[in-house]
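Undergrad: predicted model, plus sequence, below.
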Amino acid sequence: MQHGYWIRSKPIYHSLAWQYKAQAHVLLASGEGGRSVLRLYQQRLPDQPVTVLYLPAENEDYSAPLVTVVGTSLQVFPDARELWQRFDQVLQQSRMGTRLYAAGTESFLWQATTLAVKHGVLNADVMREQPASLARPVYCVHCKTTTHGVTTNIAVCAGCQRHLFVRDHFSRRLGAYMGLMIDAEDPGNVPDAEEVYP
Amino acid sequence: MNNLAYKHETFRDDYTYRNSPDAIRRFPFPFAEDHYMYSVNIEQHQPGAKGSIVEHAFDIDEHYVSECEDKLITLGQDKGRYAALPHMMDAQWDFLELSMESLSRDYPHLFTLTKDGERWTWRNGPLGIEDSFVFGDAATLPLEPFEYMGRQVQGDFVLLDQREGTLFADAGFITSQADWSLAFDVGMSWHEWHGPVPQVEKMGIMDRALKFLMSLQQGNPVRRLNWTMTINPRLDTSPEHFPEWGPDKLKVTAQNAGEKAHLRVELQTMFRLPRSNAILFSIRCYLISLEELATYPRWAKRFHRVLRDLHPDLLEYKGIKVYHEAVLAWLSQHDDGAELALGAHPE
Ligand code: HEM
């Protein structure tokens, strides 16, 4: 948090819940997001067709329970590129009234949203859940590199090695928070980083 | 301003930028009272008094050539200062038309526009530019229309698309910003890009301002002033280049504040555009050192009081906190405490 005030660009996430008034449902999940899908399947299932696209992550692979619970609606992908290609196709074929759900890291959620918006879906019509980790993608405003999985309030930029202060200001297009060189005024004066986004 | 003597000056490195007595006199001092807080300070952008900064739609002044040169330096260092999402092409042509027509109408001795059907010829005297092109055909211009004219008008520009009940900053030409990033903000909605601004949420200011802008009419532009402070007369106070200008903030003392510390005022104007229904937001930056400001004693007195009593969140947000004391010490020498009549006028 910054100066104790809320920055309105910081997205707020909710637990996934079926939107029963729909023509079809498309779920998109990565890593820990697999658990969110499993949780969603504990709610009363909708009558309309469901498609689940899942990308396992290292140490976060829920494919086995998903196969059991979701069955033939599930497609598991070996890498991100194939998942996004498939999602793009699904969006092209989808009809009005298709509900979209996404669960995963913040970069994943906003990559999914950006692609959906390109196909004419409104930002607000995508339901997003951020499971487990609060780790942040951080965009370095100086060298424009995004560093993933940042759990601390100050992080070293993967691109230019500057120490970045992680702001709450969030860009949905970039799917990342803004990182600003913390010792720009007084070079070398870098406070200790604290883990605040575990 | 009719016969402009352009100054050759710099907004970086040796910082030779200065204001002439004329420029000081017409400076848009933003404080009519001893106290300042954010408000919905929007008024009609009607042509103002002769010689004033609001005489014309876009103000061209003695810094024109040097400021345009500084834009090119900044753009050369960082291409991300210009960005336009693909659906903004109509708005780009709207901007080109509005800026060319305004400048050639208001400063005919400097700029001329001739039209032969869709074939337009644009001459910019001070910058030595002459181009013929087909209006609406981007391939006939050396740059995209927005970037082409963005380089030839003082100030920064944002083109806003209106949809989903809000405004989106979907294109920008930003080289003289007060610490915000176009590359980061482009594509954001009104409440997102204004997210970092303190205090305004609870005062309902942003909701009211947005509502007002959503119903902005073509032919009825509006304007407002915003202000902050900058150390050294630097236009490019971007977060991108913060490592270059950040250290200067710690070098301000009570002795050098008069020379180093500048009041930075933005004349912000908003125009509804005819083809695209987009809004043009222009941000014209005026810089004045405290020494120049003190040419008019009531300005120095007033600014001293405003800064002394400014809300701590605003001091923090505007980045003034680290040199606040030094600046107050300098200004206090110019404040005898005498009561000042309402108004922002110089004398
Ligand atoms: C439609 C065009 C507008 C655009 C593109 C725009 C953009 C911005 C941006 C980018 C910032 C900096 C935020 C940051 O810290 O990252 C800002 C600040 C601000 N804006 Fe706007 N703005 C617009 C119109 C307005 C209007 C009409 C108001 C009227 C109340 C307003 C009030 C403010 C205020 C109070 C600040 C804080 C400024 C400071 O303390 O220096 N804006 N604006």
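TA: Perfect, thanks for sending it. Residues are numbered from 1 along each chain as shown, chains lettered A, B, ... in the order given.
Undergrad: what is the least confident helix or strand in chain B?
TA: For chain B, using mean pLDDT, DSSP states H and E, the weakest element among its helices and strands is helix B:200-203, scoring a mean of 84.
Undergrad: what's the first helix or strand after it?
TA: helix B:205-214 (DSSP states H and E).
Undergrad: helices or strands up against that next one?
TA: strand B:166-173, helix B:190-193 (3 or more CB pairs under 8 Å, 6 or more residues apart in numbering or on different chains; DSSP states H and E). The C-beta positions use only the backbone N, C-alpha and C, and glycine is treated the same way.
Undergrad: how about the helix or strand following that helix, does it get close to the ligand?
TA: Going down the chain from helix B:205-214, the next helix or strand is strand B:222-231, by DSSP H and E. Yes. Interface with the ligand: strand B:222-231 contributes B:224, B:226, B:228 (CB under 6 Å from any ligand atom).
Undergrad: quick one: contacts for the second one?
TA: Spelled out, it's B:Asn226. B:30, B:178, B:265-266, B:268 (CB atoms under 8 Å, 6 or more residues apart in numbering or on different chains).
Undergrad: what do you get for the first one?
TA: Shown here is B:Arg224, whose contacts under the criterion CB under 8 Å, 6+ apart are B:41-43, B:268.
Undergrad: pLDDT at it, what is it?
TA: On the pLDDT scale, B:Arg224 is placed at 98.
Undergrad: against A:Pro65, how distant is it?
TA: 57 Å (CB to CB, to the nearest Å).
Undergrad: quick check, the least confident helix or strand of chain B touching chain A?
TA: Yes. For helix B:200-203 and chain A, the contact criterion (CB under 8 Å from any CB of the partner chain) is met by B:Glu201.
Undergrad: distance from the chain centre to that helix, please.
TA: Centre-to-centre, helix B:200-203 and its host chain are 24 Å apart (CA atoms, centre = their mean, to the nearest Å).
Undergrad: got the residue ranges for the helices in the chain?
TA: Just going to use chain A. Remark: helices assigned in chain A by DSSP state H are A:33-40, A:63-70, A:80-93, A:106-118.
Undergrad: think we crossed wires, I meant chain B
TA: B:21-25, B:64-77, B:89-106, B:145-150, B:182-185, B:190-193, B:200-203, B:205-214, B:242-245, B:257-260, B:290-293, B:297-308, B:312-317, B:324-332.
Undergrad: list the neighbouring strands of the longest strand along chain A plus their orientation.
TA: Ranked by residue count under DSSP state E, the longest strand found in chain A is strand A:163-171. Sheet pairing for strand A:163-171, assigned by DSSP bridges, gives strand A:154-156 (antiparallel), strand A:176-181 (antiparallel).
Undergrad: centre of the chain to that strand, how far?
TA: With CA atoms, centre = their mean, you get 17 Å for strand A:163-171.
Undergrad: neighbours around the residue nearest to A:Ala112 when sequence neighbours are not counted, how many?
TA: Spatial nearest neighbour of A:Ala112, excluding adjacent residues (CB to CB, 6 or more residues apart in numbering or on different chains): A:Ala102 at 4.3 Å. A:Ala102: 27 surrounding residues under other CB atoms under 10 Å in any protein chain shown.
Undergrad: now swap in the one 10 residues further on and tell me
TA: When neighbours are defined as other CB under 10 Å, A:Ala112 has 27 of them.
Undergrad: residue contacts, it?
TA: Residues near A:Ala112 by CB under 8 Å, 6+ apart: A:28, A:87, A:100, A:102, A:104, A:126.
Undergrad: at 7 Å instead, please
TA: A:Ala112 sits next to A:28, A:87, A:102, A:126 when contact means CB atoms under 7 Å, 6 or more residues apart in numbering or on different chains.
Undergrad: again, but for B:Met188
TA: So B:Met188 contacts A:9, A:171, B:168-169 (CB under 7 Å, 6+ apart).
Undergrad: now it: how far from A:Ser9?
TA: Counting by CB to CB, the separation of B:Met188 from A:Ser9 is 7 Å.
Undergrad: and if you look at A:Ala80?
TA: According to CB to CB, A:Ala80 and A:Ser9 sit 25 Å apart.
Undergrad: and those two? Which one has more around it.
TA: Neighbours per residue (other CB under 10 Å) separate A:Ala80 from A:Ser9, with A:Ser9 holding more: 23 against 13.
Undergrad: so that one touches A:Phe170, yeah?
TA: Yes. Using CB atoms under 7 Å, A:Ser9 is in contact with A:Phe170, at 4.7 Å.
Undergrad: overlap of the contact sets of those two?
TA: By CB under 7 Å, 6+ apart, no residue touches both A:Ser9 and A:Phe170.
Undergrad: show me which residues of chain B sit near the ligand.
TA: So chain B meets the ligand at B:38, B:40, B:42, B:158, B:160, B:167, B:169, B:178, B:180, B:185, B:193-194, B:196-197, B:200, B:205, B:209, B:213, B:224, B:226, B:228, B:270, B:279, B:281, B:317-318 (CB under 6 Å from any ligand atom).
Undergrad: for the buried ones among these, write the corresponding ChimeraX selection.
TA: In ChimeraX syntax, the buried subset of these is picked out as below (16 or more other CB atoms under 10 Å in any protein chain shown):
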select /B:38,42,158,160,167,169,178,180,185,193,194,196,197,200,205,209,213,224,228,270,279,281,317,318
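Undergrad: picking up where we left off before, now flag whichever of the contacts of A:Ala112 is closest to the ligand.
TA: Among the contacts of A:Ala112, A:Val126 lies closest to the ligand (CB to the nearest ligand atom), at 25.0 Å.
Undergrad: and that closest one, what pLDDT?
TA: pLDDT, read off for A:Val126, is 92.
Undergrad: coming back round to it: and the furthest pair within the contacts of A:Ala112?
TA: Using CB to CB, the pair of the contacts of A:Ala112 lying farthest apart is A:Phe87 and A:Val126, separated by 11.7 Å.
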